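*Asks:* here's my sequence, what's the structure:
(one chain, ligands or ions: 2)
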Amino acid sequence: MSTELVPILDIRRFDRSDDPRERAGFVRELNHAYREIGFVAVSHHGIPDPVIADSYRAIKAFFELPLAAKMAYNVGKGGARGYTPFGVEHAKDSPAVDLKEFWHVGREHVPGAAWTAHYPPNIWPTEIPGFREATWELYRQLEHLGDRVLRAVALGLDLDEHYFADKTDHGNSILRPIHYPPLEPGRGDPGSVRSGQHEDINLITLLIGSGEPGLEVLSRSGRWVPVTTIPEAIVVNVGDMLQRLTNDVLRSTTHRVVNPPSPYAEVPRYSIPFFLHPNSEFLIESLPSCVTPDNPNHYPEPITADQYLTQRLIEIGLLKPQM
Ligand SMILES: O=C(O)CCC(=O)C(=O)O
Ligand SMILES: [Fe+2]
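*Replies:* Ligands and ions are numbered 1, 2, ... in the order given. Down below sits the predicted model:
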């Protein structure tokens, strides 16, 4: 049932460019799913198992540290880098906080690159050897996979295959390892779930860990559908920036992480989303090919990726409004 809604697509069909029919088929199926449900699971993505395992090892060790040690890394504006504890982030329009703590890895600085000054530097937990190497390698690998998915998205929108390349080459992307602890009565508000229903802000999200129960997407008919993919697959979904760029042709679908029943409630859940963002200065303006008489421009006011992100971080409690 859910596999009908969230198809599993083998990205080797796209990467193997010597077979144009296979490539075209991948592009067609990906874009069809993004117009209908906004989610796919990508299999055979080529990210080596040890790269994923090393990150899991490092983040589990970090989240096991005492709260006081973790709070030393709760720095900076909007949780942009480092640690964000329980009780901060909530879904837009929901007062109940999510039952999660998380860490943010951003883009590593490149000395001499003009964009470097716009991004806060990463910070790293000194208690966990190998944390930096493992998570930065996973960031690079997920970014590379995201670039390939965006090439297939571009082709499906009748754009040049490399349309997104110079708009994402120093994107403000974030790798966010998340820890949802075992559920205890009395933790959080009575209405709290692991992650309240929301849409992602960025262009696309690549999610490691969707094999663990809890993730649900809201279907067009208004039904919550559990995402149950094969564990090796990486879920890749459309975010609000891509929905807006495409004038709502591609759908940023509402999703959530529910509190699972026993025995899953008694064990922690870990996931690692990678929020792929465009370059901060990128102007999000409806693509001309997505504006038609049947689908007039819903967003006549363009907005930069940076302005859009700031607005949205205020809405979810990660940034305080400027007075
Ligand atoms: O933990 C998950 O499986 C999904 C998390 C999520 O949707 C998010 O952080 O935006
Ligand atoms: Fe999400």
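*Asks:* from now on I want contacts and neighbour counts done on CA atoms only, so please keep to that.
*Replies:* OK.
*Asks:* what kind of secondary structure is residue 256 in?
*Replies:* Using DSSP: H, G, I helix; E, B strand; the rest coil, the secondary structure recorded for residue 256 is strand.
*Asks:* surely residue 221 is in a helix?
*Replies:* No: secondary structure of residue 221 (three-state DSSP): coil, not part of a helix.
*Asks:* list the contacts of it.
*Replies:* Residue 221 sits next to no residue when contact means C-alpha atoms under 8 Å, 6 or more residues apart in numbering.
*Asks:* from residue 37, how far off is it?
*Replies:* For residue 221, the distance to residue 37 equals 11 Å [C-alpha to C-alpha, to the nearest Å].
*Asks:* and residue 257, by the same measure?
*Replies:* Residue 257 sits 17 Å away from residue 37, taking C-alpha to C-alpha as the criterion.
*Asks:* next one: residue 147
*Replies:* 20 Å.
*Asks:* repeat for residue 71
*Replies:* 38 Å.
*Asks:* measure how buried residue 276 is and give me the count.
*Replies:* Residue 276: 25 surrounding residues under other C-alpha atoms under 10 Å.
*Asks:* could you measure from it over to residue 262?
*Replies:* Between residue 276 and residue 262 the computed distance is 33 Å (C-alpha to C-alpha).
*Asks:* how far away is the nearest residue to residue 5 once chain neighbours are set aside from ligand 1?
*Replies:* Spatial nearest neighbour of residue 5, chain neighbours left out: residue 37 (6.8 Å); criterion: C-alpha to C-alpha, 6 or more residues apart in numbering. In this view, residue 37 and ligand 1 are 15 Å apart by C-alpha to the nearest ligand atom, to the nearest Å.
*Asks:* what's the local residue count around residue 37?
*Replies:* With other C-alpha under 10 Å as criterion, residue 37 counts 22.
*Asks:* ok, the one 5 residues further on next?
*Replies:* By other C-alpha under 10 Å, 24 other residues sit near residue 42.
*Asks:* tell me the pLDDT of it.
*Replies:* Here the pLDDT value assigned to residue 42 is 97.
*Asks:* any idea what it is bridged to?
*Replies:* Bridge pairing for residue 42 (DSSP bridges) gives the partners residue 9, residue 234.
*Asks:* ok, it touching residue 12?
*Replies:* No: Residue 42 is beyond contact range of residue 12, at 9.6 Å (criterion: C-alpha atoms under 8 Å).
*Asks:* contact residues of the stretch 201-323 of the chain facing ligand 1?
*Replies:* Counting by C-alpha under 6 Å from any ligand atom, the residues of the stretch 201-323 of the chain close to ligand 1 are 210, 215, 256, 271.
*Asks:* got a winner among the residues you listed for most neighbours?
*Replies:* Going by other C-alpha under 10 Å, residue 210 tops those with 26 neighbours.
*Asks:* ok, now how distant is the residue in the stretch 51-200 of the chain that ligand 1 sits nearest to from residue 82?
*Replies:* Proximity of the stretch 51-200 of the chain to ligand 1 (C-alpha to the nearest ligand atom) peaks at residue 200, 5.6 Å away. Distance of residue 200 to residue 82, computed by C-alpha to C-alpha: 20 Å.
*Asks:* who's more crowded, those two?
*Replies:* When neighbours are counted by other C-alpha under 10 Å, residue 82 comes out ahead of the other of residue 200 and residue 82, with 23 against 18.
*Asks:* state the pLDDT value of residue 78.
*Replies:* Residue 78 carries a pLDDT value of 65.
*Asks:* can you give me the neighbour number for residue 307?
*Replies:* Neighbours of residue 307 using other C-alpha under 10 Å come to 13.
*Asks:* pLDDT weak spots in the stretch 1-150 of the chain?
*Replies:* Low-confidence segments of the stretch 1-150 of the chain (pLDDT under 70): 1-4, 76-79.
*Asks:* which residues in it form helices?
*Replies:* 2-5, 12-15, 20-36, 49-63, 67-71, 131-156 (DSSP state H, counting those that start in this stretch).
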